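1. sharing a model that was predicted from the sequence below.
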Amino acid sequence: MSRWQLSALAGALVLGAALTVLPVALGGLSPAVAIFCGGPALFFFALAMSRIWPAALWPALVLLATKQLLAAVLSDAVVIDAPLRGAALLWFAELAWLAGQPPGLPPPRAQLLAGAMVGLVGAALGWLVLALASVPLAGGPLLTGAGVVAVVAVFAAFLWLNRSGRPAEVDG
């Protein structure tokens, strides 16, 4: 494992542990829920990073995301740091994926920068949505249309990212 992969592994481990412990430390989640979701998530993360079962990263992400969702739903107040937790979950996934890459690859500086920017922009948009949700606005066709356009745009972005990440097929 190269130095940058070890750094990515350490960063993912710190973020995973923080995502597990932080909601309990802030009083938004009971320790039992954190142990029930966070413990197995870190176990699956360890399985993925040891390359025993590389696909175990998916259950780790699902469990950490479920724990964050439960922390937001079970909270009595608006969870102001939810966009930042979402960005941290994205960074955890990105760093874990990079740490699991085959050894000998050059450091993906552009990919790290893009992941950092997507997380920050996503957190900023999340805070904007939280701010807009606190403003008493009447619904209607205009806001519904804006929501539909936003959902279609996000779906189109995911499709584009999925296609751009695949190698080109050769006819022959």
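-> Okay, I see it. Residues are numbered from 1 along each chain as shown.

2. quick one: Q111 and L98 touch, right?
-> Yes: with contact defined as C-beta atoms under 8 Å, Q111 reaches L98; the gap is 7.3 Å. Every C-beta, even on glycine, is put in place using the N, C-alpha and C of the backbone.

3. how about the contacts made by the closest residue to P54 other than its chain neighbours?
-> Nearest residue to P54, sequence neighbours excluded (C-beta to C-beta, 6 or more residues apart in numbering): A48, at 5.5 Å. A48 sits next to P54, A55, A56, L57, A60, A96, G100 when contact means C-beta atoms under 8 Å, 6 or more residues apart in numbering.

4. how close does the last one sit to A56?
-> Separation of G100 from A56 (C-beta to C-beta, to the nearest Å): 10 Å.

5. quick revisit: with neighbour numbers in mind, choose between Q111 and L98.
-> L98 (21 against 12; other C-beta atoms under 10 Å).

6. may I have the phi/psi pair for the more buried one?
-> phi -70, psi -40 (degrees, to the nearest 10).

7. quick one, what contacts it?
-> Shown in contact with L98 (C-beta under 8 Å, 6+ apart): W4, Q5, A8, P108, Q111, L112.

8. got it, and L61?
-> Counting by C-beta under 8 Å, 6+ apart, the residues that L61 touches are A41, L89, F92, A93.

9. quick check: which element contains it?
-> Assigned by DSSP states H and E, L61 falls within helix 57-73.

10. just the buried positions in that helix, please.
-> L57, P59, A60, L61, L63, L64, A65, K67, Q68, L70, A71, A72 (16 or more other C-beta atoms under 10 Å).
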